[in-house]
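1. structure for this input, please:
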Amino acid sequence: MASGCVGTGRGRWFAFIGLVSVAAVTLVATASPAEAARKKRRQVSGGYAPPYAAMVVDAKSGRTLHAVNEDAPRIPASITKVMTLYLLFEQLERGRLGMDSPLRVSANAAREAPSKIGFEPGETIAVRDAILALITKSANDVATTVAENVGGSEDEFARMMTARARSLGMSRTTFYNAHGLPHDPPNLTTARDLTILARAIQDRFPRYYPMFGTRVFNYAGGAYRNHNKLLGRIEGVDGIKTGYTRASGFNLMTSAKADGRHVVSVVLGGRSGASRDKVMADLVVAALPRATSGGRSAPMVAEAPEPQPERAR
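-> Numbers count the residues shown, from 1 in each chain. Reported below is the predicted structural model:
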């Protein structure tokens with residue numbers, strides 16, 4: 001198991017290896033003319049230019065520890081579901097839903113493409129199970145079920161997601177659905193915006209965030225393993241979400257804590273799940289020893305207050 005510790009020969013060695021890997025990742029991101037031409041041919045609408053973007057932020061200080069193409073538009077794929085869960089956690093916090101509240105599955109939700117649990121129209125799933133199904137299985141039928149039950153419709157829930165993103169300072173993010181499937185237009189974001197979301201969901205919902213560390217979700221006779229394979233493999237990693245579509249490549253958002261340090265990291269556009277995980281592991285191992293181990297100096301990531309209507313004079 002890799003270690004994020006400092007102050008030991010082993011920790012310094014891992015930090016050195018990680019820094020070398022970060023440099024290699026940066027070099028890979030600089031494409032040859034032939035590769036650049038291939039990437040140009042793969043471009044899709046909306047200014048999207050795959051594949052690679054990454055960012056690592058010290059959660060305590062807010063300092064950027066690594067960044068490549070961090071403000072370029074990218075498709076988040078199933079990392080979208082982190083915002084879906086953010087809005088669901090809000091409903092729990094406000095008392096509008098409880099962990100045992102049933103969410104009804106519509107015919108529309110049941111039709112969603114895999115990854116999915118496979119509900120029939122009219123069935124229900126409890127909020128607690130819905131959360132775990134999104135975290136582990138990344139179930140698209142459950143994401144749409146949450147959207148329809150909370151927002152009344154997919155479109156309204158997507159509007160709520162985008163509004164929440166803006167209130168958190170995610171200025172380059174727009175959501176059109178709750179699951180991240182490649183609909184037209186696709187959800188768009190940036191690595192920087194996703195580091196904001198990774199910090200915000202922990203700051204706002206410390207009660208619910210630990211659920212992202214669930215490795216196996218047992219439900220209705222099935223056992224669904226978390227797609228985040230760094231859990232239990234890289235010291236300190238406690239979540240949070242993977243994502244993949246053909247257009248987005250392999251994506252991963254992580255949070256890692258060790259020795260009083262805390263970093264959040266985003267990798268977008270990996271060529272494979274294994275290579276994405278390797279890049280992320282190297283980034284985490286390199287960044288953790290460089291993060292502050294003291295008290296928090298960065299403010300909590302908070303939503304901007306909603307504008308109040310002007311009073312009549």
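2. all helices for the chain, in order.
-> 9-29, 33-42, 80-93, 107-110, 127-132, 140-151, 154-168, 191-204, 273-287 (DSSP state H).
3. from Lys60, how far off is the closest residue to Asp193 other than its chain neighbours?
-> For Asp193, ignoring the flanking residues on the chain, the nearest one in space by CB to CB, 6 or more residues apart in numbering is Met170 at 3.9 Å. Yep, even glycine has a C-beta here, placed from its N, CA and C like the rest. The gap separating Met170 from Lys60 is 20 Å, by CB to CB, to the nearest Å.
4. just Ala304 next, same as before
-> From Ala304 over to Lys60 (counting by CB to CB), the distance is 22 Å.
5. so between these two, which is more surrounded?
-> Set side by side, Ala304 and Lys60 show more neighbours around Lys60, with 19 against 9, by other CB atoms under 10 Å.
6. go ahead and confirm that one touches Ala291.
-> Yes. Contact criterion CB atoms under 8 Å: Lys60 and Ala291 qualify, at 6.8 Å.
7. so what's in contact with those two at the same time?
-> In terms of CB atoms under 8 Å, 6 or more residues apart in numbering, Lys60 and Ala291 are both contacted by the residues 261-262.
8. okay, now the residue lying closest to Pro76 once chain neighbours are set aside: neighbour count?
-> Distances taken as CB to CB, 6+ apart place Thr189 nearest to Pro76, at 4.8 Å, with adjacent residues excluded. The local packing of Thr189 (other CB under 10 Å) involves 26 other residues.
9. isn't Thr189 right up against Ser171?
-> No. Counting by CB under 8 Å, Thr189 sits too far from Ser171 to count as a contact (10.3 Å).
10. what about the stretch 151-300 of the chain, any weak spots by pLDDT?
-> Within the stretch 151-300 of the chain, no range satisfies pLDDT under 70.
11. dump the helices of the chain to CSV, plus distance to Ile117 and mean neighbour count.
-> Written out in CSV, the entries for these read as follows (distance: least, CB to CB, whole Å; neighbours: other CB atoms under 10 Å):
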stretch, distance to Ile117, mean neighbour count
helix 9-29, 35, 15
helix 33-42, 32, 10
helix 80-93, 14, 22
helix 107-110, 10, 18
helix 127-132, 9, 22
helix 140-151, 6, 25
helix 154-168, 18, 18
helix 191-204, 23, 24
helix 273-287, 21, 22
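12. Met253: which of the ones you listed is closest?
-> The stretch from the helices of the chain with the least distance to Met253 (CB to CB) is helix 191-204; that distance is 5.3 Å.
13. put the alpha carbons of the closest one into PDB.
-> Extracted as PDB, the C-alpha positions of helix 191-204 are listed here (Å, rounded to 0.1, in the frame of the first residue of the first chain):
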ATOM      1  CA  ALA A 191     -11.400  20.300 -13.000                       C
ATOM      2  CA  ARG A 192     -11.300  23.400 -10.900                       C
ATOM      3  CA  ASP A 193     -15.100  23.500 -10.500                       C
ATOM      4  CA  LEU A 194     -15.100  19.900  -9.400                       C
ATOM      5  CA  THR A 195     -12.500  20.500  -6.700                       C
ATOM      6  CA  ILE A 196     -14.900  23.100  -5.400                       C
ATOM      7  CA  LEU A 197     -17.600  20.500  -5.300                       C
ATOM      8  CA  ALA A 198     -15.400  17.900  -3.700                       C
ATOM      9  CA  ARG A 199     -14.600  20.300  -0.800                       C
ATOM     10  CA  ALA A 200     -18.200  21.700  -0.600                       C
ATOM     11  CA  ILE A 201     -19.900  18.400  -0.100                       C
ATOM     12  CA  GLN A 202     -17.600  17.600   2.800                       C
ATOM     13  CA  ASP A 203     -17.900  21.000   4.400                       C
ATOM     14  CA  ARG A 204     -21.600  21.100   4.200                       C
END
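14. list the helices and strands it packs on?
-> Helix 191-204 makes packing contacts with strand 53-58, strand 64-68, helix 80-93, helix 154-168, strand 249-258, strand 261-270 when contacts are defined by 3 or more CB pairs under 8 Å, 6 or more residues apart in numbering; DSSP states H and E.
15. pLDDT wise, what is Leu27 at?
-> The model reports Leu27 with a pLDDT of 34.
16. now do the contacts for Pro305.
-> Counting by CB under 8 Å, 6+ apart, Pro305 makes contact with nothing.
17. quick check: it vs Ser167, distance?
-> Following CB to CB, the distance that separates Pro305 from Ser167 is 8 Å.
18. next one: Val279
-> When CB to CB is the yardstick, Val279 and Ser167 sit 31 Å from each other.
19. quick revisit: including distance to Gly221, could the helices and strands packed on helix 191-204 go into TSV?
-> TSV is the format used below for those (distance: least, CB to CB, whole Å):
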stretch	distance to Gly221
strand 53-58	39
strand 64-68	42
helix 80-93	23
helix 154-168	29
strand 249-258	29
strand 261-270	32
